[in-house]
Structure formats: C-alpha cells, structure tokens
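Novice: Sequence plus predicted model, see below.
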Amino acid sequence: MQTIGLIGGMSWESTLEYYRILNLETKKRLGGFHSARCVLYSVDFAEIEEWQRQGNWQEAARCLLAAGRALQAAGADFILLCTNTMHKLAPSLEAELGIPLLHIADATADAVKAAGITQVGLLGTRFTMEQDFYRDRLAKKHGLNVLVPGEAERQIIHEVIYQELCMGVVKESSREKFSRVISNLADVGAQGVILGCTEIENLVRPQDSVLPIFATTKIHAEAAVNLAIKTGATDPLPLRSSEQGA
C-alpha cells in the first residue's frame, strides 16, 4: 500500500471527511485491521481565504508548495489537494513536486463518464464556477459539457459555502436553496450535478437533488484508495508528461 499525502484544512470540515472515507474504504477493501497509510499537512484556512479574496494566488501557491514538499519529505507517494477551489494552483504543484498529484477534477470526470453523463452542472465557489481552471479541465480533457448557475445563484452558493459550510453550519434553508439551483440546472439540460466544493456534500444529500450528484470528496478519496492499493511500493506511479523523455 502506498502512502497518501493530504494537503488539508481548506476547510478542516471537509478534511475530516477525507480521513474518514480513506480509512473506511481501505478497511472495506482489505478487511481486518487495515487502515489508510497517509500523512496530513493541514494549513490555516484563514490565510488561504484572505489570499483568495485578495487574488494573491502566488502567496497561496507558495504555501501549498511548502505543504506538498513537507508531505513528500514525510514519505508520501502521491498528493491529494483536499479542496476543489485550490486546484487552480494544481499546475504549480504538478510542476514543482517530485511526486504526482491526483487531480480531483480527473477523478470526478471519470465518475461522471462512468455514469453515462455528458452534460453536467457544476456547483462550487465563485472561483470554481466562474474561472477556467476547473471547467476547462472537465471540458477539454474529458469532453464534458459543463453548465453553471446564473449570477445570482452563484453568489448564493458562494456565500453559503464561506459563511456557513466552512464554519460547520448546516441550514435547512440553504439546503432548499441548493435544491432549487439544481432543479434549475436540470431544466436547462444538466443530466447530473458535480458538488464541486468539498463542503457542499455536508449539505446536499441525494434526496435533496432531482439529479444524480457527484460528491467530489468521496470520489477523490475513493480514487486515492484505489491508487494506493493498486500501486505497490515498488511500482512507481506513471511519470508526468514533463518528466517523460522526448
């Protein structure tokens, strides 16, 4: 079994779920007393959130790279970035770290395609819904047609994430708002919906959605267990394209 490196704390509410799912899935697949072999570097989300608001992605990248290098030094064989939004900085991590990054959008896209879905709604922070780093990966690399809510609904989703879910607050009124947003996405052709913020699945349950939901925390963590178990300690992960010979 390989060692999984986790860059967490964004927020710690969802990082708890990562740790729980990693261990449950490992025990489920290997049985007995087995649990996940992992190391965690948990950042101070107050710093990350401030850099997000400031648009200071360079400083955020510096922080995450330091975390990734610490995990590598601690023996991690590959990295999970336990957040959707901060995958904006995935290219920096992939370029600078000496171990692979298991990208959350790739794992999620695989699950969406396995369900036979080609047109999918995306919920997340404004960064995830509005910027290209996530939507383009789903579209250009995986061939998915990605739909996002309208401006007013994007603002509601963003505020609920930061003002409630990242604080551990789950409100029935917010659950109803998200359900209406998902219904609206279904009306414009979405066949499923990606919960593209790791905290959203603490709010939206399958019964709250008229569409199949793709919970990125669960998908990402399960993909990590698959990889950790499948890839033996003496069998390195495939090299990134930048590391392969010409």
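Specialist: That came through fine. Numbering: from 1, shown residues only.

Novice: Every contact and neighbour count from this point should use C-alpha atoms.
Specialist: Fine.

Novice: which residue ranges form the helices in this structure?
Specialist: Using DSSP state H, the helices of the chain run over residues 12-30, 45-54, 57-73, 90-96, 104-114, 126-130, 132-136, 151-163, 172-187, 216-230.

Novice: Quick one: work out the angle between the last one and helix 12-30.
Specialist: Angle of helix 216-230 versus helix 12-30, following axes from the mean of the first three to the mean of the last three Cα atoms, to 10 degrees, is 40 degrees.

Novice: What angle do helix 104-114 and helix 216-230 make with each other?
Specialist: Our comparison of helix 216-230 with helix 104-114, counting by the same axes, to 10 degrees, yields an angle of 90 degrees.

Novice: which other helices and strands contact helix 216-230?
Specialist: For helix 216-230, the packing partners by 3 or more Cα pairs under 8 Å, 6 or more residues apart in numbering; DSSP states H and E come out as helix 12-30, helix 104-114.

Novice: Which of those helices sits closest to V188?
Specialist: helix 104-114 (17.9 Å; Cα to Cα).

Novice: any weak-confidence spans in the chain?
Specialist: For the chain, the stretches flagged by pLDDT under 70 are 231-246.

Novice: Tell me how it divides into domains.
Specialist: Using automatic domain parsing, the domains assigned to the chain come out as 4-103+219-243, 105-215.

Novice: Columns mean neighbour count on top of these, output as JSON lines?
Specialist: JSON lines is the format used below for the domains of the chain (neighbours: other Cα atoms under 10 Å):
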{"stretch": "domain 4-103+219-243", "mean neighbour count": "18"}
{"stretch": "domain 105-215", "mean neighbour count": "18"}
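
Novice: Need the helices and strands packed on helix 216-230 in JSON lines (columns: distance to A73).
Specialist: Converted to JSON lines, these look like this (distance: least, Cα to Cα, whole Å):
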{"stretch": "helix 12-30", "distance to A73": "20"}
{"stretch": "helix 104-114", "distance to A73": "23"}
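
Novice: and V169, which of those helices is closest to it?
Specialist: It's helix 12-30; of the helices and strands packed on helix 216-230, that one is closest to V169 (Cα to Cα) at 10.0 Å.

Novice: Residues in contact with the closest one: which ones?
Specialist: With Cα atoms under 8 Å, 6 or more residues apart in numbering as the test, helix 12-30 has contacts from 8-9, 33-36, 42, 82, 165-168, 198-199, 217-218, 221-222, 224-225.

Novice: how about the helices of the chain in JSON lines, adding distance to M1?
Specialist: Putting these into JSON lines (distance: least, Cα to Cα, whole Å) gives the following:
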{"stretch": "helix 12-30", "distance to M1": "10"}
{"stretch": "helix 45-54", "distance to M1": "30"}
{"stretch": "helix 57-73", "distance to M1": "16"}
{"stretch": "helix 90-96", "distance to M1": "22"}
{"stretch": "helix 104-114", "distance to M1": "19"}
{"stretch": "helix 126-130", "distance to M1": "32"}
{"stretch": "helix 132-136", "distance to M1": "30"}
{"stretch": "helix 151-163", "distance to M1": "34"}
{"stretch": "helix 172-187", "distance to M1": "38"}
{"stretch": "helix 216-230", "distance to M1": "5"}
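
Novice: nearest to D208, of the ones you listed?
Specialist: Minimum separation from D208 across the helices of the chain (Cα to Cα) falls at helix 172-187, 5.8 Å.

Novice: Could you tell me the angle between the closest one and helix 151-163?
Specialist: 140 degrees.

Novice: about what we covered before: for the helices of the chain, which one sits closest to R205?
Specialist: Checked against Cα to Cα, the stretch from the helices of the chain lying closest is helix 172-187, at 8.8 Å.

Novice: quick one: the closest one to chain centroid distance?
Specialist: Remark: helix 172-187 is offset 21 Å from the chain centroid, using Cα atoms, centre = their mean, to the nearest Å.
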